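Asker: Coordinates for the following, if possible.
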Amino acid sequence: MPSLKEITQKLNLEVVSSASLVDRPVTGGYASDLLSCAMKGAQKDYLWVTLQSHLNVVAVASLLNLAGVIITEGSQPDGETITRAEKEGVVLLVTPKTTFTVVGDLTLLGVKGDS
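Answerer: Now for the predicted structure:
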């Protein structure tokens, strides 16, 4: 399984918060835009792929101790969200790619979800 740093480099993701924490393991992935689904389906050290970029994304990622959140489709978190992510130690990554494309790229890198 690739590390978060390796994924960030290979997918050309922009790190917008907690850059010092990018070198951590990734044990799987989950994709959803519904916070309640992410809370149920994502697990510790997973990458969460979503187009949501608001403050509650940080709360869910922190609660679950996720490896990071990839925000897709050009969505950008605001300053308050980035500040909270820094405070909570949540790695936020952004990309203009679609969620579908990012999930496919992650799968090719060996990141799996629950079966």
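Asker: and the gap between the residue nearest to Lys10 when sequence neighbours are not counted and Leu63?
Answerer: Of all residues not flanking Lys10 in the chain, Leu109 sits nearest, at 6.3 Å (CB to CB, 6 or more residues apart in numbering). (C-beta placed from N, C-alpha, C; glycine too.) Going from Leu109 to Leu63 by CB to CB, to the nearest Å gives 26 Å.
Asker: Tell me the secondary structure at the residue nearest the centre of the chain.
Answerer: The C-alpha lying nearest the average C-alpha coordinate of the chain belongs to Val69 (CA atoms, centre = their mean; 1.5 Å). Classification of Val69 using DSSP: H, G, I helix; E, B strand; the rest coil returns strand.
Asker: wait, what's in contact with it?
Answerer: Residues counted as contacts of Val69 (CB atoms under 8 Å, 6 or more residues apart in numbering) are Leu47, Trp48, Val49, Thr50, Val57, Val58, Ala61, Val90, Val91, Leu92, Leu93.
Asker: What about those residues, which are in strands?
Answerer: Applying DSSP state E to these, the entries found in strands are Leu47, Trp48, Val49, Thr50, Leu92, Leu93.
Asker: Specify which member of the residues you listed is nearest to Arg84.
Answerer: Closest approach to Arg84 among those (CB to CB): Leu92, at 9.8 Å.
Asker: Contacts only, for that closest one.
Answerer: 15-18, 57-58, 68-69, 71, 77, 81-82, 85.
Asker: What separation do you get for the nearest residue to it once chain neighbours are set aside and Asp78?
Answerer: Leaving aside its sequence neighbours, Leu92 sits nearest to Ser17 (CB to CB, 6+ apart; 4.3 Å). Per CB to CB, Ser17 is found 12 Å from Asp78.
Asker: quick one: which of the two has more around it?
Answerer: Ranked by neighbour count (other CB atoms under 10 Å), Ser17 and Asp78 place Ser17 first, with 23 against 11.
Asker: what pLDDT does that one get?
Answerer: If you check Ser17, the pLDDT there is 94.
Asker: so how far is Ala61 from it?
Answerer: Counting by CB to CB, the gap from Ser17 to Ala61 is 10 Å.
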